[in-house]
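Participant: Just to be clear, the model below is a prediction. Sequence and coordinates:
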Amino acid sequence: MGKADRKRWDGNVRSMAIIAKADADITADDLSFLRENYTSAGGLIPNAYSGGAFFTPTHVARFIVEALRGLSGGFSAGQTWLEPSCGSGVFLEHVPAEAEVTALELDVTSARVASLLYSAANVIQGDALTHDRRDYYDFVIGNPPYGVNIDIAAEELPDDYVTLTKKARRARGKSEFAFIELAIKAAKPGGYIALVLPKGIGFSSAGAKLRDLTRESCWHIASVELPGTTFAHVGTTISTDIHILRKVTPNARKVHVKYTQAGGGRFVLDTVVQSEPSESTMFWYEGQAPVLHAVITDIGYDKDGKSTDKWDDGLTQLDELLEAFTDTLIRENSDPIAPHKGETHAFSVRVPPHEEWRTKRGEYAYWNVLTLGRGEDIAVDGGSPESSFDLDWQDRIVASHYAELERTSSATITETITEVAA
Ligand SMILES: C[S@@+](CC[C@H](N)C(=O)[O-])C[C@H]1O[C@@H](n2cnc3c(N)ncnc32)[C@H](O)[C@@H]1O
């Protein structure tokens, strides 16, 4: 075991001694020790089962919460948040204090650490897949376990999971897919989902069902590629992306599109045009703004954990990228480019050849557009044209869904009052 792993090991051993104490005996120093040193088992014992416990660097979690702040136009009191596999609670640290936070965690030790560190959150120890709140949360955030084999009694699941295969009353599949499905189910329509996920979900054949599910249920807001050094502190170089989705409201209509190609030679440009449903190869929901793609090349430290902060200002590329998560900047920075093939999903953060030619690869961020969002107006079903080039359209669709719900529920209340009065 190397020096860094030895330090992690010792930190975990001392953490176990702290959490074994009665709550009343745990001191402020104990809590800061836990915050800084408890890392759980991920990567510590090669090939041992770790439950996929590789905790997220705190500045990555902060970036996700702050990006959501920008996208949603600011947080308000009482909003509901879910962290479905909270580990030691890295994400909980950044969630606004006035929020209602639910955090799930299977591992008994990690759940206890999270509940000690973030006592305002409702930390529930247990299997997240049995969580049965649906259409509830304003925000679902986190970094779920990857590659863990789910094998659960089907009757323990509150409903069917398309990403799990049911056989002989067991439901089986890979954890990353099931957790994204859980996040989508748990989010309220119009709510945001932002997760750190393994790269493979964008292109693996095993992820096809999941990609279909997200296309059917979400607007895709952004995908940010993280460098392989991101999880160096827990000994893995896994390739990950942050994906930000927003669950569509039921009033959003589908925009049918088909792919064509323009240009020739090296720089073939795929284009997307609106089409009749019968001849379309793909659809998006109206309100789908350009998907923001960015590639982070420097997370703030190298593979050995040595700081790469040349300016010594504590800022990383993620901090600069945050500026893009306002409506205005998304509009200004987006560059209209479609993916190579119809079936390619925007989860694959990759840049077509012409983009490399235009923007030197290696720069930390560049932008592209997946949808019809080329600044053109899109009219759906004979409706009036809307700009596809920003998020206002999406906001209006969500607002009109809730206005309609309010109108019908207040009508029901008025009817009830009238009935009672009569
Ligand atoms: C990749 S770690 C991330 C932890 C935390 N979200 C973070 O970003 O630091 C995944 C976590 O999922 C937990 N986990 C694994 N399977 C789970 C399940 N079925 N239900 C709830 N948590 C689970 C692991 O114990 C681990 O803490």
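Facilitator: That came through fine.

Participant: State the distance from whichever residue of the stretch 301-422 of the chain sits closest to the ligand to T80.
Facilitator: Residue nearest to the ligand within the stretch 301-422 of the chain (Cβ to the nearest ligand atom): L318, separated by 14.9 Å. C-beta coordinates here come from the backbone N, C-alpha and C atoms, glycine included. Going from L318 to T80 by Cβ to Cβ, to the nearest Å gives 25 Å.

Participant: Looking at these two, which one has more neighbours?
Facilitator: L318 (25 against 18; other Cβ atoms under 10 Å).

Participant: so where is the stretch 1-150 of the chain shaky, pLDDT-wise?
Facilitator: 43, 45-50 (pLDDT under 70).

Participant: Okay, strands next: where are they in it?
Facilitator: 80-83, 100-105, 122-125, 137-142, 149-153 (DSSP state E, counting those that start in this stretch).

Participant: Distance to S175 for those strands - can I get that in CSV?
Facilitator: As requested, those are exported to CSV (distance: least, Cβ to Cβ, whole Å):
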stretch, distance to S175
strand 80-83, 15
strand 100-105, 13
strand 122-125, 17
strand 137-142, 12
strand 149-153, 6
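
Participant: Indicate which one of the ones you listed is closest to E404.
Facilitator: strand 137-142 (18.8 Å; Cβ to Cβ).

Participant: Could you list the contact residues of this structure toward the ligand?
Facilitator: 40, 51-56, 85-87, 90-91, 104-107, 110, 127-129, 142-145, 148, 175 (Cβ under 6 Å from any ligand atom).

Participant: In a strand, L195, correct?
Facilitator: Yes. Looking at L195 with DSSP: H, G, I helix; E, B strand; the rest coil, it is inside a strand.

Participant: Could you chop the protein up by domain?
Facilitator: 1-38, 53-401 (automatic domain parsing).

Participant: just these: most buried one?
Facilitator: domain 53-401 (a mean of 18; mean count of other Cβ atoms under 10 Å).

Participant: From one end of that one to the other, what's the distance?
Facilitator: 38 Å (Cα to Cα, to the nearest Å).

Participant: for the stretch 301-422 of the chain, what are the low-confidence residue spans?
Facilitator: 327-376, 389.

Participant: ok, which stretches of it are helices?
Facilitator: Along the stretch 301-422 of the chain, the stretches classed as helices by DSSP state H, counting those that start in this stretch are 317-322, 327-333, 353-358, 392-421.

Participant: possible to save those helices as CSV with distance to Q288?
Facilitator: Formatted as CSV, the helices of the stretch 301-422 of the chain follow (distance: least, Cβ to Cβ, whole Å):
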stretch, distance to Q288
helix 317-322, 21
helix 327-333, 13
helix 353-358, 20
helix 392-421, 7
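
Participant: quick one: the residue of the stretch 301-422 of the chain closest to the ligand and V60 touch, right?
Facilitator: Yes. L318 is within contact range of V60, at 6.8 Å (criterion: Cβ atoms under 8 Å).

Participant: overlap in contacts of these two?
Facilitator: I299 (Cβ atoms under 8 Å, 6 or more residues apart in numbering).

Participant: Helices - which of the residues of the chain next to the ligand land there?
Facilitator: 110, 175 (DSSP state H).

Participant: quick one, helices of the stretch 151-300 of the chain?
Facilitator: So, for the stretch 151-300 of the chain - with DSSP H, counting those that start in this stretch - the helices run 175-186, 208-217.

Participant: per-stretch mean pLDDT over those, give me the minimum one.
Facilitator: For those, mean pLDDT drops lowest on helix 208-217, to a mean of 88.

Participant: Which residue, other than its chain neighbours, is closest to D127?
Facilitator: Closest residue to D127 apart from its sequence neighbours, by Cβ to Cβ, 6 or more residues apart in numbering: L106 at 5.6 Å.

Participant: contacting residues for that neighbour?
Facilitator: 51, 85, 125-128.

Participant: ok, now L116?
Facilitator: L116 touches 19, 23, 26, 31, 34, counting by Cβ under 8 Å, 6+ apart.

Participant: same deal with F139?
Facilitator: 68, 72, 79-82, 187, 191-194.

Participant: Ok, H256 next?
Facilitator: Counting by Cβ under 8 Å, 6+ apart, H256 makes contact with 274-277, 280, 282-283.

Participant: Mind picking the two most distant members of the residues you listed?
Facilitator: E276 and M282 (12.9 Å).

Participant: residue boundaries of the strands in the stretch 151-300 of the chain?
Facilitator: Under DSSP E, counting those that start in this stretch, the stretch 151-300 of the chain gives strands at 165-167, 170-174, 187-198, 218-226, 240-247, 254-262, 269-274, 282-285, 292-295.

Participant: and the ones you listed, which one's lowest on average pLDDT?
Facilitator: What stands lowest among those, in mean pLDDT terms, is strand 269-274, with a mean of 66.

Participant: one step back: now render the helices of the stretch 151-300 of the chain as a markdown table, adding distance to P158.
Facilitator: Below are the helices of the stretch 151-300 of the chain laid out as a markdown table (distance: least, Cβ to Cβ, whole Å):
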| stretch | distance to P158 |
| --- | --- |
| helix 175-186 | 9 |
| helix 208-217 | 17 |
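
Participant: And those helices: which comes nearest V234?
Facilitator: V234 lies closest to helix 175-186 among these, at 16.8 Å (Cβ to Cβ).

Participant: Now the stretch 251-400 of the chain against the ligand: closest residue?
Facilitator: Residue nearest to the ligand within the stretch 251-400 of the chain: I299 (14.4 Å; Cβ to the nearest ligand atom).
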